[in-house]
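1. Predicted structure and sequence below. I'll ask about it afterward.
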Amino acid sequence: MDVITYCSNMREEIKEWKSRIDAHMKQADRRSADIDKVPEAIHKINKLVTELEDRVNSLEKQCPADWSSEKAQLDDLFSEVQRLWQEAANGSPDDL
């Protein structure tokens, strides 16, 4: 897979995560006006998704010939997002 295709795929994944986070935040807002009641995992996921988006944007602009290290870092970040989401779902499935 080339860097352009990879970035395009990652952009779609980021869009899906942002949608999940947004839906969760809206649900939390309906339950309580206190944003601090949103699970910490969601705040962490939101930060990681923002970092992913920044890195994908940078990778798209640079379009390096050898981008294996960037790919490994992005894949690790996505794995962490998925792990945190699953952890939050296991801890409080009604929250996700």
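-> Happy to help now that I have it.
2. Does the residue of the chain most remote from its centre lie in a helix or a strand, and which?
-> Largest separation from the mean C-alpha position in the chain: residue 65, at 25.3 Å (Cα atoms, centre = their mean). Element membership of residue 65 [criterion: DSSP states H and E] is none; it lies in no helix or strand.
3. Quick check: phi and psi at it.
-> Dihedral pair for residue 65: phi -70, psi -40, per degrees, to the nearest 10.
4. Mind jotting down where the helices sit in this protein?
-> 3-31, 40-62, 68-91 (DSSP state H).
5. ok, so what distance separates the residue farthest from the centre of the chain from residue 72?
-> Applying Cβ to Cβ, to the nearest Å, the value for residue 65 to residue 72 is 16 Å. C-beta: built from backbone N, CA, C; applies to glycine.
6. Same question for residue 79.
-> 11 Å.
7. which ones are touching residue 17?
-> By Cβ atoms under 8 Å, 6 or more residues apart in numbering, the contact set of residue 17 is 45, 49, 52, 81.
8. This completes my enquiry, with thanks.
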